[in-house]
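Undergrad: test case, fold it:
(4 chains)
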Number of protein chains: 2
Amino acid sequence: MSTSPKTALLEEYALVARALSAPARLMLLEQLAQGERGVEALAEKTGLTIANCSQHLQQLRRAALVTSRRDGKAVIYRLTDAKTLSLMDLLRMVAERNLVQVERILRGLSGDEDAPEPVRRQDLAARLAEGSVTVLDVRPADEFAAGHIPGALNATLAELDRIVAVLDPDAEIVAYCRGPYCIYAYQAVAALRGHGFNARRLEGGLPEWREDGREVQTITG
Amino acid sequence: MSTSPKTALLEEYALVARALSAPARLMLLEQLAQGERGVEALAEKTGLTIANCSQHLQQLRRAALVTSRRDGKAVIYRLTDAKTLSLMDLLRMVAERNLVQVERILRGLSGDEDAPEPVRRQDLAARLAEGSVTVLDVRPADEFAAGHIPGALNATLAELDRIVAVLDPDAEIVAYCRGPYCIYAYQAVAALRGHGFNARRLEGGLPEWREDGREVQTITG
DNA sequence: CTATTATTCAAGTAACCACTTGAATGATAT
DNA sequence: ATATCATTCAAGTGGTTACTTGAATAATAG
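TA: This is a model prediction of the structure:
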């Protein structure tokens, strides 16, 4: 108890920030934003070793950004609450707004010229209701199965050619992926526009869609 | 360019979080929330050496959380925009909501028993208009002079006795300080209640009051 | 130009963090 | 109980960060 309460408080706040200060942990949070997961699944998705993944998760837990529960032999992690998502989002907004490098990277992803405005979720919902749009989910099949926007097609970037072959060339396409941290949708839109399609990106991803309270479709295997 | 764009992006986001992950830098941001400052003034307020302070400020600048301009020989720093404040605030909210330690520290500051609800800013504004409340600014005199809530008294914690002597024992007192990161108001309220006063804390501090667009009084020396 | 003042840079040290490896724990099934 | 599986712990290594010290830059005053 040699430290003042002021320093003690600041150290706790700093702990939360430090938890967000490693790319590996941001990747984990992005995965968890899709839904709760076990350690092994997270390790596989992020490419971390299991021990390393576990240690990162414990840091996130210490910062109260995630919570865990036991399910048999497995330990299942999930985001503590929506505030965790807000924090990640604000982090991204500050970075995108103020860091030149970020803009350059994002511009590079979009094919460096005309980046069409992203489609807002409420607009997509309206267009979906009238059936005037094709929705493309650019995530791996297992994540698609666990929940996707109703009526969406599914194809990873590698599988885009398959989709291109069957799409109506005049269709308006809206692509989405895991969320604002995920770049699949950027790349898919760039590729589709390269094929001459009228493609745009959805603002946010599935977690945000869910957060809005909108309908989600699942495939039970 | 051996790293993928995905990793590059996450590293930029992580950079912003890392900038927030040291207590010294949070202290600097709290000071800057009061208004722009030069390096020396910041170093003195935070107790850092000048060189160390300068280096921390450069990290904050790299993360685009603060901006600097030259004014003669001095370099003046300020928060880049209101988003920086939002980030700090969200950080604090996550920490307060979910970290047991934080609650314990805050409870300790308030004299560990009955912590009265803080007064909301709009409520204080209304009460001020009808003159039914005494406002106490618990910051150092120079910060008080640079801007305070109109009609507020000023006393640091060390000077509280002076104020206690002249206050109407029946007065309702609202204390505030630098903002949510600052604990002076907590401590002042605890001390005043120890003296039998009806004292409460203002939610937020002067930066938040200003952010609301409310009137601020200054003393030009 | 030289001196002065405010800030930044550069180099060095101690502490800390990410990641790896291999062993230990905890829950379940046999 | 024993075996098995998922996760966590513990120890070690390389790289990074915070802070200190002393020198270097940049703007102004004389």
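Undergrad: please list the residues of chain A that sit near DNA strand D.
TA: Residues of chain A lying close to DNA strand D (CB under 7 Å from any atom of the strand) are A:38-40, A:50-51, A:54-55, A:57-58, A:68, A:73-76. All C-beta atoms are positioned from the backbone trio N, CA, C, and that covers glycine.
Undergrad: most neighbours among those residues, which one is it?
TA: Within the residues of chain A next to DNA strand D, neighbour counts (other CB atoms under 10 Å in any protein chain shown) peak at residue A:57, which reaches 23 neighbours.
Undergrad: which residues touch it?
TA: Neighbour list for residue A:57: A:28, A:39, A:42, A:66, A:68, A:77 [criterion: CB atoms under 8 Å, 6 or more residues apart in numbering or on different chains].
Undergrad: can we see that at 7 Å?
TA: Under the criterion of CB atoms under 7 Å, 6 or more residues apart in numbering or on different chains, the contact partners of residue A:57 comprise A:28, A:39, A:66, A:77.
Undergrad: repeat that for residue A:40.
TA: residue A:50.
Undergrad: could you measure from it over to residue A:182?
TA: Here the distance between residue A:40 and residue A:182 works out to 21 Å (CB to CB, to the nearest Å).
Undergrad: now swap in residue A:176 and tell me
TA: Distance, residue A:176 to residue A:182, using CB to CB: 9 Å.
Undergrad: list residues touching both of these two?
TA: Between them, residue A:176 and residue A:182 share these contacting residues under CB under 7 Å, 6+ apart: residue A:205.
Undergrad: neighbour-wise, which of the two wins?
TA: Comparing residue A:176 with residue A:182 by neighbour count (other CB under 10 Å), the higher total belongs to residue A:176, at 30 against 24.
Undergrad: could I get the pLDDT score of the nearest residue to the more buried one once chain neighbours are set aside?
TA: In space, not counting the residues next to it along the chain, residue A:176 is nearest to residue A:202; the distance is 3.7 Å by CB to CB, 6 or more residues apart in numbering or on different chains. As predicted, residue A:202 sits at a pLDDT of 95.
Undergrad: poorly predicted segments of chain A, please.
TA: Under the criterion of pLDDT under 70, the regions of chain A flagged as low confidence span A:1-2, A:112-114, A:221.
Undergrad: how about the residues of chain A near chain B?
TA: Where chain A comes near chain B, counting by CB under 7 Å from any CB of the partner chain, the residues are A:5-14, A:16-18, A:20-23, A:26-27, A:64, A:80, A:83, A:86-87, A:90-95, A:97-99, A:101-102, A:105, A:108-109, A:181, A:183.
Undergrad: whichever of these end up buried, select them in PyMOL.
TA: Selecting the buried subset of the residues of chain A next to chain B in PyMOL, with 16 or more other CB atoms under 10 Å in any protein chain shown as the burial test, is done by:
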select buried, chain A and resi 5+6+8+9+10+11+12+13+14+16+17+18+20+21+22+23+26+27+64+80+83+87+90+91+92+93+94+95+98+99+102+105+109+181+183
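Undergrad: among the residues of chain A next to chain B, which lie within strands?
TA: With strands taken from DSSP state E, there is no overlap with the residues of chain A next to chain B.
Undergrad: quick one, what contacts residue A:54?
TA: Neighbouring residues of residue A:54 by CB under 7 Å, 6+ apart: residue A:39.
Undergrad: could you chop chain A up by domain?
TA: Domains of chain A are assigned by automatic domain parsing as A:5-83, A:112-211.
Undergrad: returning to that earlier point: what two of the residues of chain A next to DNA strand D are the furthest from one another?
TA: With CB to CB as the measure, no two of those lie farther apart than A:55 and A:73, at 19.0 Å.
Undergrad: among the domains of chain A, which comes closest to residue B:159?
TA: Each of these was checked against residue B:159 via CB to CB, and the shortest separation belongs to domain A:5-83, namely 18.3 Å.
Undergrad: can you give me the first-to-last residue distance of that closest one?
TA: Using CA to CA, to the nearest Å, one end of domain A:5-83 lies 25 Å from the other.
Undergrad: tell me how far that domain lies from the chain's centre.
TA: 15 Å (CA atoms, centre = their mean, to the nearest Å).
Undergrad: can it be found next to DNA strand C?
TA: Yes: counting by CB under 7 Å from any atom of the strand, DNA strand C has neighbours in domain A:5-83: A:18, A:21-22, A:24, A:48-49, A:51-52, A:55-56, A:59, A:70, A:72-73.
Undergrad: ok, so of those, who is nearest residue A:159?
TA: residue A:48 (25.0 Å).
Undergrad: hang on, the earlier thing: the residue nearest to residue A:176 pairs with what?
TA: Residues found in beta-bridge contact with residue A:202 (criterion: DSSP bridges) are residue A:119.
Undergrad: isn't it up against residue A:174?
TA: Yes: applying CB atoms under 7 Å, one finds residue A:202 in contact with residue A:174, separated by 5.3 Å.
Undergrad: what touches both of those two?
TA: A:119, A:124.
Undergrad: what about the contacts of residue A:57, which are in helices?
TA: The helices, defined by DSSP state H, take in A:28, A:39 from those.
Undergrad: among the contacts of residue A:57, which pair sits farthest apart?
TA: Across those, the two members that end up farthest from each other (CB to CB) are A:39 and A:66, 11.5 Å apart.
Undergrad: pull the contacting residues for the closest residue in space to residue A:16 that isn't next to it in sequence.
TA: If the residues on either side of it in the chain are set aside, residue A:16 comes closest to residue A:63, at 4.6 Å by CB to CB, 6+ apart. Remark: with contacts taken as CB under 7 Å, 6+ apart, residue A:63 is in contact with A:15-16, A:19.
Undergrad: what ranges do the helices span in chain A?
TA: Taking DSSP H as the criterion, chain A carries its helices at A:5-19, A:23-34, A:39-46, A:50-62, A:82-98, A:100-109, A:121-129, A:141-146, A:160-166, A:184-194, A:206-211.
Undergrad: now the third one and helix A:23-34, what's the angle there?
TA: Following axes from the mean of the first three to the mean of the last three CA atoms, to 10 degrees, one obtains 110 degrees for the angle between helix A:39-46 and helix A:23-34.
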